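Trainee: after the sequence you'll find the predicted model.
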Amino acid sequence: MLDITEDVRTAVADADGAAVLVYVPHTTAGLTINEHADPMVARDFEMALERIAAEGWGWQHIEEGEENAPSHIRASLMGPQLIVPLTDRGELALGTWQGIFFCEFDGPRTRNVHVSVLA
Amino acid sequence: MLDITEDVRTAVADADGAAVLVYVPHTTAGLTINEHADPMVARDFEMALERIAAEGWGWQHIEEGEENAPSHIRASLMGPQLIVPLTDRGELALGTWQGIFFCEFDGPRTRNVHVSVLA
Amino acid sequence: MLDITEDVRTAVADADGAAVLVYVPHTTAGLTINEHADPMVARDFEMALERIAAEGWGWQHIEEGEENAPSHIRASLMGPQLIVPLTDRGELALGTWQGIFFCEFDGPRTRNVHVSVLA
């Protein structure tokens, strides 16, 4: 779980629109919004997702050297995209405790995140 | 699980756009769309999310007096935002059985929900 | 899990906008984006969601002849909508391995999917 709030904020600085779309073009990584004040929340997410979709479930998607089947499920549980409203002043309408997290379930890998503005 | 369908409908009455964005700026509450004809569906969600991310999992996010670590996970599993298309007549394109639910995982608390229209 | 990537692509061909909104107006079906190269990934999703929200949990939503309570939870875990950015050339900005899946949790049924373009 990587906090990318500032990266998204920078990407949309001075943007004019109603909302920001953040999108991950990967199948073993996702996005979520949650508390970024206490770093233990991110650790809890990592633990919880490893329990919610566990390693030993008899997965059929097997690639030699890449045992990442549950990573696909975890990615979809978090989701590939987020939409955050923009305020009248063009700022992300995040709540006090909210940060934007990139959720890496199969890293380390080089990843991309699309950020665009919706009217 | 609180049915906020009518609140959202009222907020966007006479709006002109392609879709409605509903957004929760909180980290222990979320949004989902599901059946609101039988109130037992909402009760099932509450039970299921308490099993999917359970109390006794050795959570690291601990605040004195606030044992809400799994509430954060449950919030992200439902997600902080919804986008519902608007019909040509400016109405929410919800299906016959669909209602919009605010999912409170750490209440009771005073909460806000952002509703805006996307072009 | 039905791969509807090409259907969505066809629906938005030559569209002019920033993103595509895909929406399911049903309460026991959802949408997700994940790998569509190896069909086993979709099979793993089906298995995993049946474990994440399991049949024998004491569900309260009971309709005679329709034992579909966990289907509602599975639908919301995947979510009723997806938003995919459009490139400058009007193409879906899907990643190399990404496909769009309709997730049927209570079929077979006749279903609809809304596809619209956001500015």
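Mentor: Good, I have the coordinates. Numbering: from 1, shown residues only, chains lettered A, B, ... in the order given.

Trainee: use CA for all of it now, contacts and neighbours both
Mentor: OK.

Trainee: and the closest residue to chain B within chain A, helix, strand or coil?
Mentor: Per C-alpha to the nearest C-alpha, residue A:95 is where chain A lies closest to chain B, at 4.2 Å. The three-state assignment at residue A:95 reads coil, by DSSP: H, G, I helix; E, B strand; the rest coil.

Trainee: test my guess that it contacts residue B:28.
Mentor: No. Counting by C-alpha atoms under 8 Å, residue A:95 stays clear of residue B:28, with 11.3 Å between them.

Trainee: give me the number of residues near residue A:34?
Mentor: Using other C-alpha atoms under 10 Å in any protein chain shown, residue A:34 has 28 neighbouring residues.

Trainee: quick one, helices of chain A?
Mentor: A:5-11, A:40-52, A:69-78 (DSSP state H).

Trainee: just the CA coordinates for the second one, please, in PDB.
Mentor: Just to be clear, that refers to helix A:40-52. The C-alpha trace of helix A:40-52 is given here as PDB (Å, rounded to 0.1, in the frame of the first residue of the first chain):
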ATOM      1  CA  MET A  40      -0.700   0.700  10.600                       C
ATOM      2  CA  VAL A  41      -4.000   1.000   8.700                       C
ATOM      3  CA  ALA A  42      -2.100   0.200   5.500                       C
ATOM      4  CA  ARG A  43      -0.400  -2.700   7.200                       C
ATOM      5  CA  ASP A  44      -3.800  -4.000   8.300                       C
ATOM      6  CA  PHE A  45      -5.100  -3.900   4.700                       C
ATOM      7  CA  GLU A  46      -2.100  -6.000   3.500                       C
ATOM      8  CA  MET A  47      -2.800  -8.600   6.300                       C
ATOM      9  CA  ALA A  48      -6.600  -8.600   5.700                       C
ATOM     10  CA  LEU A  49      -6.400  -9.000   2.000                       C
ATOM     11  CA  GLU A  50      -4.100 -11.900   2.400                       C
ATOM     12  CA  ARG A  51      -6.700 -13.600   4.600                       C
ATOM     13  CA  ILE A  52      -9.700 -12.600   2.500                       C
END
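
Trainee: any idea what residue A:100 is bridged to?
Mentor: residue A:33 (DSSP bridges).

Trainee: got a list of what it touches?
Mentor: By C-alpha atoms under 8 Å, 6 or more residues apart in numbering or on different chains, the contact set of residue A:100 is A:3, A:4, A:5, A:31, A:32, A:33, A:34.

Trainee: ok, the closest residue to residue A:115 other than its chain neighbours - contacts?
Mentor: Distances taken as C-alpha to C-alpha, 6 or more residues apart in numbering or on different chains put residue A:22 closest to residue A:115, at 4.6 Å, once the chain neighbours are dropped. Listed by C-alpha under 8 Å, 6+ apart, the contact set of residue A:22 reads A:8, A:81, A:82, A:83, A:113, A:114, A:115, A:116.

Trainee: now with 6 Å?
Mentor: A:81, A:82, A:114, A:115 (C-alpha atoms under 6 Å, 6 or more residues apart in numbering or on different chains).
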